[in-house]
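Chemist: Only the shape, not the letters, is given here:
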């Protein structure tokens with residue numbers, strides 16, 4: 001894997017990339033960094049040009065302003081794709097990255113060949129929304145802890161992966177973490193009314209035990225899209241791409257092999 005800095009109109013984005021072929025852009029979730037896609041980069045770079053990007057304020061990418069919302073992160077994602085200058089990309093996002101990716105597919109369909117949303121959130125219940133907004137307030141006040149997300153994401157299993165994720169979380173800039181988490185907390189309904197417009201081949205995937213990015217949400221989102229498949233991985237939670245890399249990679253390989261609707265008009 002090679003690391004590089006991508007100049008943007010307002011700052012820079014740090015990338016890691018490997019392989020050749022059709023471009024595949026990977027966007028991680030809140031508190032993570034590009035390396036969180038390690039198993040996917042290693043496998044999918046066999047046949048694709050895989051590019052994982054640090055989200056704004058994560059890793060080595062320039063942060064957005066403290067008041068940034070999900071549409072600002074979507075605009076950032078569009079600027080990354082355009083700066084890559086590789087044409088339309090296959091796009092996969094995890095958690096917050098899935099919200100950004102769905103927004104990109106709604107707002108900028110010309111930039112997206114295929115779309116994969118891993119552990120996405122969609123129309124939280126009022127109780128779940130209140131809980132996640134309360135966590136956002138705690139983080140903004142400097143009272144956030146890595147223990148809460150680790151417990152939700154892993155339980156008591158997957159110790160090695162859990163420790164690696166804990167390290168990434170503990171390295172986060174507090175203000176950037178608060179900004180991204182607030183956008184994530186308020187973002188589940190921003191594009192919800194328009195995801196039925198996403199016509200490209202789509203994969204919706206989550207872990208069976210992920211109560212916040214639930215199997216029900218995954219199936220509801222897939223049902224709204226004309227060319228979508230829902231996959232639920234049994235026995236895993238939120239960080240399913242790290243805890244169950246083999247079935248996740250298999251689902252992604254199948255998704256990347258699916259024919260684009262536009263191909264039928266050539």
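Modeler: Now that the structure is in, tell me what you want to look at. Computed from a predicted model, the values in this text were never measured in an experiment. Numbers count the residues shown, from 1 in each chain.

Chemist: Low-confidence ranges, this protein, go.
Modeler: The chain contains residues with pLDDT under 70 at 261-266.

Chemist: hmm, try it at 80
Modeler: Low-confidence segments of the chain (pLDDT under 80): 144, 155-157, 261-266.

Chemist: just so I have it, where are all the strands in it?
Modeler: 2-8, 11-18, 23-27, 49-53, 89-94, 112-118, 202-207, 228-233 (DSSP state E).

Chemist: Give the other helices and strands that the last one contacts.
Modeler: Read it as strand 228-233. strand 202-207, helix 215-224, helix 245-257 (3 or more CB pairs under 8 Å, 6 or more residues apart in numbering; DSSP states H and E). In short, each C-beta sits where N, CA and C put it, glycine included.

Chemist: Serialize the ones you listed to JSON lines and add fields for distance to residue 108 and mean neighbour count.
Modeler: What follows is these, written out as JSON lines (distance: least, CB to CB, whole Å; neighbours: other CB atoms under 10 Å):
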{"stretch": "strand 202-207", "distance to residue 108": "15", "mean neighbour count": "28"}
{"stretch": "helix 215-224", "distance to residue 108": "18", "mean neighbour count": "19"}
{"stretch": "helix 245-257", "distance to residue 108": "19", "mean neighbour count": "17"}
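
Chemist: Go through those and name the closest to residue 187.
Modeler: Relative to residue 187, the nearest member of those by CB to CB is helix 215-224, separated by 13.2 Å.

Chemist: re earlier: so which of the strands of the chain is nearest residue 150?
Modeler: Closest of the strands of the chain to residue 150 is strand 202-207, at 14.8 Å (criterion: CB to CB).

Chemist: Hey, what's the angle from that closest one to strand 112-118? Just curious.
Modeler: With axes from the mean of the first three to the mean of the last three CA atoms, to 10 degrees applied, the angle from strand 202-207 to strand 112-118 works out at 20 degrees.

Chemist: In its sheet, which strands sit next to strand 202-207, and in what direction?
Modeler: Applying DSSP bridges to the sheet, strand 202-207 is found paired with strand 112-118 (parallel), strand 228-233 (parallel).

Chemist: residues making contact with the first one?
Modeler: When you say that, I think you mean strand 112-118. If you take CB atoms under 8 Å, 6 or more residues apart in numbering as the criterion, strand 112-118 is touched by 22, 88-95, 97-98, 101-102, 104-105, 198, 200-206, 218, 221, 240-241, 248, 252, 255-256, 258, 260.

Chemist: just the helices in the stretch 1-150 of the chain please.
Modeler: Remark: helices assigned in the stretch 1-150 of the chain by DSSP state H, counting those that start in this stretch are 38-44, 70-84, 96-107, 126-140, 147-154.

Chemist: Could you export those as a markdown table, including distance to residue 212 and mean neighbour count?
Modeler: Putting these into a markdown table (distance: least, CB to CB, whole Å; neighbours: other CB under 10 Å) gives the following:
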| stretch | distance to residue 212 | mean neighbour count |
| --- | --- | --- |
| helix 38-44 | 21 | 19 |
| helix 70-84 | 16 | 20 |
| helix 96-107 | 12 | 27 |
| helix 126-140 | 7 | 15 |
| helix 147-154 | 7 | 17 |
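
Chemist: Those helices: which one's closest to residue 63?
Modeler: Among the helices of the stretch 1-150 of the chain, the nearest to residue 63 by CB to CB is helix 70-84 (10.2 Å).

Chemist: name the helices or strands packed onto that closest one?
Modeler: Where contact means 3+ CB pairs under 8 Å, 6+ apart, helix 70-84 is packed against strand 2-8, strand 11-18, strand 23-27, helix 96-107, helix 174-185.

Chemist: Those into a markdown table, with extra columns for distance to residue 160?
Modeler: Formatted as a markdown table, those follow (distance: least, CB to CB, whole Å):
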| stretch | distance to residue 160 |
| --- | --- |
| strand 2-8 | 23 |
| strand 11-18 | 21 |
| strand 23-27 | 21 |
| helix 96-107 | 22 |
| helix 174-185 | 23 |
